[in-house]
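Colleague: Structure for this input, please:
(one chain, ligands or ions: 1)
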Amino acid sequence: MQKVTINTLLAMKRAGEKFVSLTAYDASFARLLDEAGVDVILVGDSLGMVIQGHQTTVPVTMDDMVYHAACVATNTRRALLMVDMPFMSYATVDQALDNAARLMREGGAQMVKLEGGSVQLPVVQALTEHGIPVCAHLGLQPQSVHKLGGYRVQGRDKTSADTMLLDAEKLQQAGADILLLECVPAVLANEITSNVEIPVIGIGAGPDTDAQVLVLQDILGITPGKPPGFSKNFMHGAHSVSEAVEHYVNAVRQGQFPAPEHTFN
Ligand code: KIV
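Modeller: This is a model prediction of the structure:
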């Protein structure tokens, strides 16, 4: 078993090989995902919705993230462990450094993820200078849902698309190790992915990003209400949860997921 590191992911991008990410929030699922070949396990602040039952990710605290990250870290052997910095935990550089250190020290994170474009450059640079790997989350930023007025596809008009392209380059220059694009038109995601050297993970960003991520509960078909249009229930045709996760892993690696019906134009 070869441990996945940022170098593994960079080499996969360069070789044109897709890698796979999926969320987990506890030790049992962490083991299952790790054994199914998921390359990056994300302890997402989506736990606020799928574990805690809130309507948004805004109520999630640092203590919540540390607790769930530590549970997942216990059973993660091969995958790289990425953990979300929750709402307002990186509002200043000092806060970001303290909180990222907690996620790594107490939660076992091997990379932290934060939402935001050029406004986050000083934070990304400071984390990088202190040896903390960073994934920068662009496009739909769920922590800003109340400012955005809802969950919508981002980057559809030329001005916002140009800003996202530029932000992606600046974040790379500031030291970001990975970009994550959420709910972005496929053409824009493709352009960003080919413009930057660092790996790009997509969710609702079409088939051309270097990797895909989904929320575990969505692929298991247990999300209450209407599932997001960019997701897919991999329990259909599977005999077990492990098999569903394996089907997701294989579909991403082989470029079969996302299909056009999971993609925004
Ligand atoms: O919190 C989360 O699970 C995420 C994914 C939706 C990418 O950020």
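Colleague: how about the residues of this structure that lie near the ligand?
Modeller: 23, 42, 44, 45, 46, 84, 180, 182, 203, 213, 215 (CB under 6 Å from any ligand atom). Bear in mind the C-beta positions are built from the backbone N, C-alpha and C, glycine included.
Colleague: per-residue confidence for the last one?
Modeller: Pointing back at residue 215 there. pLDDT recorded at residue 215 is 98.
Colleague: what's it in contact with, if anything?
Modeller: 23, 44, 46, 50, 223, 231 (CB atoms under 8 Å, 6 or more residues apart in numbering).
Colleague: Tell me, how many residues neighbour the nearest residue to the second one once chain neighbours are set aside?
Modeller: Going back to what we said before, that points to residue 44. Counting by CB to CB, 6 or more residues apart in numbering, residue 44 lies nearest to residue 23, which is 4.4 Å off, once chain neighbours are set aside. Residue 23 is flanked by 27 other residues according to other CB atoms under 10 Å.
Colleague: ok, back up a step: any chance of the contacts of residue 215 in CSV, plus secondary structure, pLDDT and distance to residue 159?
Modeller: Formatted as CSV, those follow (DSSP: H, G, I helix; E, B strand; the rest coil; pLDDT from 0 to 100; distance: CB to CB, whole Å):
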residue, secondary structure, pLDDT, distance to residue 159
23, strand, 98, 31
44, coil, 98, 29
46, coil, 97, 29
50, helix, 96, 33
223, coil, 90, 33
231, coil, 97, 29
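Colleague: Could you point out the longest helix of the protein?
Modeller: Scanning the chain for the longest helix, with DSSP state H as the assignment, gives helix 158-174.
Colleague: Give me the mean pLDDT for it.
Modeller: The model assigns helix 158-174 a mean pLDDT of 98.
Colleague: related to what we said a few turns ago, which of the contacts of residue 215 lies at the shortest distance from the ligand?
Modeller: Set against the ligand, the nearest of the contacts of residue 215 by CB to the nearest ligand atom is residue 44 (2.2 Å).
Colleague: Next up, the contacts around residue 258.
Modeller: 202, 204, 206, 207, 212, 230, 232.
Colleague: Tell me which stretches of the stretch 1-150 of the chain form strands.
Modeller: 19-23, 40-43, 80-84, 111-115, 134-139 (DSSP state E, counting those that start in this stretch).
Colleague: Kindly calculate the angle that the last one makes with strand 19-23.
Modeller: For strand 134-139 against strand 19-23, the angle between stretch directions is 80 degrees (axes from the mean of the first three to the mean of the last three CA atoms, to 10 degrees).
Colleague: Highest mean neighbour count out of the strands of the stretch 1-150 of the chain?
Modeller: Of all the strands of the stretch 1-150 of the chain, strand 40-43 carries the top mean neighbour count, a mean of 30, counting by mean count of other CB atoms under 10 Å.
Colleague: Name every strand pairing with that strand and say which way it goes.
Modeller: Next to strand 40-43 in the sheet, as set by DSSP bridges, lie strand 19-23 (parallel), strand 80-84 (parallel).
Colleague: can you give me the helices for the chain?
Modeller: According to DSSP H, the chain carries its helices in the segments 6-15, 27-36, 47-50, 62-74, 93-105, 121-129, 145-148, 158-174, 186-195, 216-219, 241-253.
Colleague: list the helices and strands the longest one packs on?
Modeller: Identification of packing neighbours for helix 158-174 by 3 or more CB pairs under 8 Å, 6 or more residues apart in numbering; DSSP states H and E yields helix 121-129, strand 134-139, strand 178-182, helix 186-195.
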